[in-house]
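Q: Dropping the sequence and predicted coords here.
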Amino acid sequence: MAIEHLRNLAKFGVITDIDPYDLAPEAFSAGVNVRFRNGKVTGAPVFRNVLHLADANPRFAFAANPAQGLDYLFVGYEDGKVSLISGAAEFPYTPASYTSSTVEATWSATTLADVTYVNRSDRAPWALRSSDSKFVDISTVSYATAADKWDPTWSCKLLRTCGGALVAMNVQKGATVYPTMVKTSSIPLADSIPVSWDHTTPSTLALENILADMQGGIVDACSLGSDLIIYGQKQAFRMTPNGQLSEFNFTPLPFQKGAINANCSVELDGTDIVFGPDDIWRHDGNSEKSICDGRVRDFIYSSINMSKASRCFVVHNPKLAEISFCYASGDGNTAFVGVGGCNRAAVWNYLNDTWSFDDLPSVYGGCTANLSNPLTYDACTATYDTMGGSYQDLEDGFKRTPCFVGDAQTSYGLVTSLYAQDPYGANSSVSYAVDTNATKPKYLARDGIDLDELNVDLRGTKVLASIYPQARLGTGAAQLQINGGSGDGFNDPAVFVGWQGYDGDTVTKCDFNTSGRFLSVQIRHDDYRELVITGFDLEIRLTGKRG
């Protein structure tokens with residue numbers, strides 16, 4: 001009887017693209033709603049319902065980080081309206097003169113000189129200064145001359161900043177579209193909107209530039225140090241302030257890669273991480289490298305719904321050192337099927353360089369912000385075990401948490417919501433209840449266990465007698481469910497014995513007695529409460545050999 005000891009389960013994470021027969025023993029061939037950190041497998045952060053949003057069809061979430069106080073968290077809707085989220089309440093922040101226009105458009109947001117800007121690609125950008133009670137349309141503010149103003153018939157697909165100026169990209173002027181145009185403003189004073197967009201007068205410090213060598217239009221842009229990297233579908237340009245205030249240099253980067261959609265790139269440790277149309281990659285402006293090739297790239301791009309590429313976005317969670325690449329997927333493990341928004345996130349932990357996947361409850365946008373919740377006993381209706389955070393977190397409120405906006409899906413019990421994605425248990429930092437409809441079970445699988453590590457011949461028959469998990473469950477948590485199976489051929493799917501429960505107390509092992517040339521194990525936890533798996537012992541018998 002051989003005992004295979006599996007430890008350090010966080011070493012490789014989920015690797016879908018390598019044949020399971022060639023994986024290391026600690027690697028998993030599938031995994032959903034789990035994390036690999038500190039040598040163990042844990043549950044992914046749960047989705048907490050911050051509030052039910054007032055309007056239908058949220059499409060964007062963005063945060064502003066003021067010099068003092070809590071973040072300003074905003075939600076944008078399909079009809080173009082914008083709301084401020086404060087605690088568990090929502091306040092309209094749409095300009096009074098705005099007429100609702102229901103359209104699927106590209107959203108972006110940025111902050112410059114302590115002014116928050118939100119842009120939708122079918123209208124002029126909006127700005128919010130400290131003196132404003134709502135956003136203002138920048139085409140309606142006072143300018144010195146008509147040439148200085150942002151014309152009300154102009155719009156842009158993206159709004160970013162570089163060198164102290166606002167940068168509008170993929171610009172439309174009236175009926176004419178300039179998909180590779182970069183247009184900059186004058187440099188504003190603190191808490192002020194730029195006074196000019198006139199590129200014909202040198203004193204304004206504004207400019208217009210057409211990236212003539214870019215194929216197709218500008219898709220996304222992300223800072224890299226003091227520069228701005230401008231992405232097309234298959235190209236990238238570096239926009240560099242040259243120190244003369246009025247001038248920027250534009251240099252094509254030496255690789256043929258781009259972004260899949262707006263808001264699909266993030267700056268990290270002197271590099272940009274980019275969700276591209278055929279790869280997730282990083283670069284420092286000089287060289288690039290895939291971060292998913294040979295591990296999960298084939299799985300992501302074979303299952304992604306490219307007709308919904310305009311839904312893709314990226315959220316960075318510094319607290320957990322991970323980046324979520326959100327998209328609409330048709331892979332076989334998706335819990336939310338046929339929904340309008342993103343139902344899958346490929347999650348990269350950049351400290352231990354592992355991948356996992358999350359089920360997303362039909363979300364359309366996300367950001368990271370702190371959430372203040374003035375919770376009282378009288379106001380709280382949730383049960384103790386669903387609540388997150390602590391007494392200190394109620395006093396603190398400055399920890400930033402990934403936030404997502406999702407639409408209603410009656411078949412899954414989802415309502416139009418602002419979610420906080422927050423760890424369950426000791427690491428939780430926000431005091432909102434778990435949304436049990438939005439939070440789906442944890443799942444792990446490892447196929448094709450051939451015991452090469454024990455120097456066992458492929459022709460040898462193996463019997464998986466028992467599995468002894470080294471795992472802990474949270475108080476009141478459901479049993480961990482484990483299934484064992486086996487198969488005789490490389491092309492034969494494993495035949496499984498059936499799910500068996502484990503709680504680490506009254507049940508400490510699972511017996512299967514299934515035999516074949518190749519073994520498989522599945523793990524499932526149908527609960528949002530804590531789960532920690534640090535290892536397994538597999539009790540295996542080696543029997544006869546076949547020719």
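A: Now that the structure is in, tell me what you want to look at.
Q: Using the three-state scheme, assign the residue nearest the centre of the chain.
A: Most central residue of the chain, judged by C-alpha distance to the mean C-alpha position with C-alpha atoms, centre = their mean, is residue 324 at 2.8 Å. Of the three states, residue 324 takes strand under DSSP: H, G, I helix; E, B strand; the rest coil.
Q: which ones are touching the nearest residue to it once chain neighbours are set aside?
A: Counting by C-beta to C-beta, 6 or more residues apart in numbering, the nearest residue to residue 324 once its immediate chain neighbours are dropped is residue 345, at 4.2 Å. Yep, even glycine has a C-beta here, placed from its N, CA and C like the rest. Residue 345 makes contact with 324-327, 357-358, 360 under the criterion C-beta atoms under 8 Å, 6 or more residues apart in numbering.
Q: so which strand or helix has residue 345?
A: In this structure, residue 345 sits in strand 342-349 according to DSSP states H and E.
Q: Check which element follows that strand along the chain.
A: Remark: after strand 342-349, the chain's next helix or strand is strand 354-370, criterion DSSP H and E.
Q: in that following strand, what counts as buried?
A: 354-370 (16 or more other C-beta atoms under 10 Å).
Q: Starting from it, tell me which strands it pairs with and how they run.
A: Each strand paired with strand 354-370, and its direction, by DSSP bridges: strand 342-349 (antiparallel), strand 400-406 (antiparallel).
Q: Residue 399: neighbour count?
A: Burial measure for residue 399: 14 neighbouring residues, criterion other C-beta atoms under 10 Å.
Q: Quick check: it vs residue 27, distance?
A: According to C-beta to C-beta, to the nearest Å, residue 399 stands 32 Å off from residue 27.
Q: now do residue 2
A: Between residue 2 and residue 27 the computed distance is 20 Å (C-beta to C-beta).
Q: Name the residue in the two with the higher neighbour count.
A: Here residue 2 and residue 27 are set side by side on neighbour count (other C-beta under 10 Å), and the busier one is residue 27, at 20 against 13.
Q: In contact with that one, which residues are there?
A: For residue 27, the contacting residues are 11-15, 446, by C-beta under 8 Å, 6+ apart.
Q: Tell me which of the residues you listed fall in helices.
A: Counting by DSSP state H, the contacts of residue 27 place none of their members in helices.
Q: now the residues you listed: which count as buried?
A: Among the contacts of residue 27, those buried by neighbour count (16+ other C-beta under 10 Å) are 12-15, 446.
Q: shouldn't the residue nearest to the centre of the chain be in contact with residue 344?
A: No - using C-beta atoms under 8 Å, residue 324 and residue 344 do not qualify as a contacting pair, with a distance of 9.8 Å.
Q: For those two, list the residues in contact with both.
A: Taking C-beta under 8 Å, 6+ apart as the contact rule, residue 324 and residue 344 both touch residue 358.
Q: rewinding a little: list just the nearest of the buried ones among the contacts of residue 27 to residue 240.
A: Sorting the buried ones among the contacts of residue 27 by distance to residue 240 puts residue 13 at the head of the list, at 36.5 Å, by C-beta to C-beta.
Q: my guess is the closest one meets residue 31, correct?
A: Yes - counting by C-beta under 8 Å, residue 13 touches residue 31, with 7.3 Å between them.
Q: Which stretches in the stretch 301-450 of the chain count as strands?
A: Here the stretch 301-450 of the chain has its strands, by DSSP state E, counting those that start in this stretch, at 313-317, 322-327, 342-349, 354-370, 400-406, 417-422, 442-449.
Q: That should have said the stretch 101-250 of the chain, apologies.
A: When secondary structure is read from DSSP E, counting those that start in this stretch, the stretch 101-250 of the chain shows strands at 107-112, 115-120, 126-128, 136-137, 154-162, 165-173, 176-184, 207-210, 220-224, 227-231, 236-241, 248-252.
Q: what are the pairing partners of the third one, and which direction each?
A: What that stands for is strand 126-128. Strand 126-128 has the following sheet partners, assigned by DSSP bridges: strand 115-120 (antiparallel), strand 136-137 (antiparallel).
Q: Can you tell me which of these is packed in deepest?
A: Taking mean count of other C-beta atoms under 10 Å as the contact definition, the stretch among these with the greatest mean neighbour count is strand 115-120, which reaches a mean of 23.
Q: Where does the prediction get shaky in the stretch 151-300 of the chain?
A: Low-confidence segments of the stretch 151-300 of the chain, defined by pLDDT under 70: 244-246.
Q: Make sure residue 300 is indeed in a helix.
A: Yes - looking at residue 300 with three-state DSSP, it is inside a helix.
Q: distance of it from residue 365?
A: In this structure, residue 300 lies at 20 Å from residue 365, with C-beta to C-beta as the measure.
Q: go on, residue 522?
A: 33 Å.
Q: Also residue 140?
A: Looking at residue 140 against residue 365, where the rule is C-beta to C-beta, the gap reads 26 Å.
Q: Residue 72 too?
A: When C-beta to C-beta is the yardstick, residue 72 and residue 365 sit 16 Å from each other.
Q: Check residue 146 too.
A: Distance of residue 146 to residue 365, given as C-beta to C-beta: 35 Å.
Q: Likewise for residue 439?
A: Taking C-beta to C-beta as the criterion, residue 439 is separated from residue 365 by 19 Å.
Q: phi, psi of the nearest residue to residue 23 once chain neighbours are set aside?
A: For residue 23, ignoring the flanking residues on the chain, the nearest one in space by C-beta to C-beta, 6+ apart is residue 15 at 6.0 Å. Dihedral angles phi and psi of residue 15 (degrees, to the nearest 10) take the values phi -130, psi 110.
Q: so what's residue 15 scoring on pLDDT?
A: At residue 15 the predicted local confidence, pLDDT, stands at 98.
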